[in-house]
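1. Sequence and predicted model, in that order:
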Amino acid sequence: MNTELDNQSLSLIEEHVRRLLVIMGFTDIVVRCRHLIKNNPDTEDYSGTLHISLEAGGEGNLLIGTQGYHLSALQHLIRSVLRRQLARPLYVVVDVNGYRARRERSLFNLAEAAARRAKTQGRTVVLQPMEAFERRTIHAALSSRDDIKTESMGNEPNRRVIIKPVFL
């Protein structure tokens, strides 16, 4: 079963996103789509991620907003529109001027520092409230370590990651 979006579909998605941005007042933005698929042949399970990259120059800060809040809202809007149009499940990630990649690197560094602190102090470290994307990044960054464990606690929008040392 071929579940990859073809070039024509990707071009159509790019055009729809471009039109949405023009309606919002952003005219000089380059939109690029990339579709990554992961098929599990044993279960016929499908999951795919559509990465939408926006190159917005100086206007990018308006699209990103403080701590990425505007970007999260834009991603939610684009995801909602696309899910209504596509017949298959698809995870959508929107990035502006490489913000998400930079934020991910920053979160990996934060996760490692918090894990070191939890281990050396021998107590739980509680991080500030984060969005699901950020919490997922923290969990993934520390998932291979056997000396600490992570979990999320609280309710949105104050949900946060806690990092606990594991005493062997």
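-> Great, that's in hand.
2. Would you confirm that Leu142 contacts Thr150?
-> Yes - the criterion here is Cβ atoms under 8 Å, and Leu142 meets it with Thr150 at 5.3 Å. Any C-beta I mention is one placed from the backbone N, CA and C, and that applies to glycine too.
3. which residues do these two both contact?
-> Ile163 (Cβ atoms under 8 Å, 6 or more residues apart in numbering).
4. Would you mind listing the buried residues in stretch 143-153?
-> In terms of neighbour count (16 or more other Cβ atoms under 10 Å), stretch 143-153 has its buried residues at 148-150.
5. In CSV, could you pull the C-alpha coordinates for the strand or helix carrying Gly60?
-> Following DSSP states H and E, one finds Gly60 within helix 60-64. Taking C-alpha atoms only, helix 60-64 is exported to CSV below (Å, rounded to 0.1, in the frame of the first residue of the first chain):
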residue,chain,number,x,y,z
GLY,A,60,8.9,35.2,10.8
ASN,A,61,9.0,36.6,14.3
LEU,A,62,5.3,37.6,14.0
LEU,A,63,4.5,34.1,12.9
ILE,A,64,6.5,32.5,15.7
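6. Just the buried residues of that helix, please?
-> Going by neighbour count (16+ other Cβ under 10 Å), the buried part of helix 60-64 is 60, 63-64.
7. Next SSE downstream of it?
-> helix 69-85.
8. could you say what helices and strands that following helix packs with?
-> Secondary-structure packing of helix 69-85 (3 or more Cβ pairs under 8 Å, 6 or more residues apart in numbering; DSSP states H and E): helix 7-23, helix 60-64, strand 91-96.
9. I'd like the distance from the first one to the chain centre, please.
-> The one in question is helix 7-23. Between the centre of helix 7-23 and the centre of its chain there are 20 Å (Cα atoms, centre = their mean, to the nearest Å).
10. And that helix, what does it pack against?
-> Using 3+ Cβ pairs under 8 Å, 6+ apart as the test, helix 7-23 ends up in contact with strand 30-40, strand 45-55, helix 69-85.
11. for these, which one ends up most surrounded?
-> strand 45-55 (a mean of 17; mean count of other Cβ atoms under 10 Å).
12. returning to that earlier point: deepest-packed of the helices and strands packed on helix 69-85, please.
-> Neighbour counts (mean count of other Cβ under 10 Å) averaged over each of those peak at strand 91-96, with a mean of 19.
13. Before I go, just wanted to say thanks for your time.
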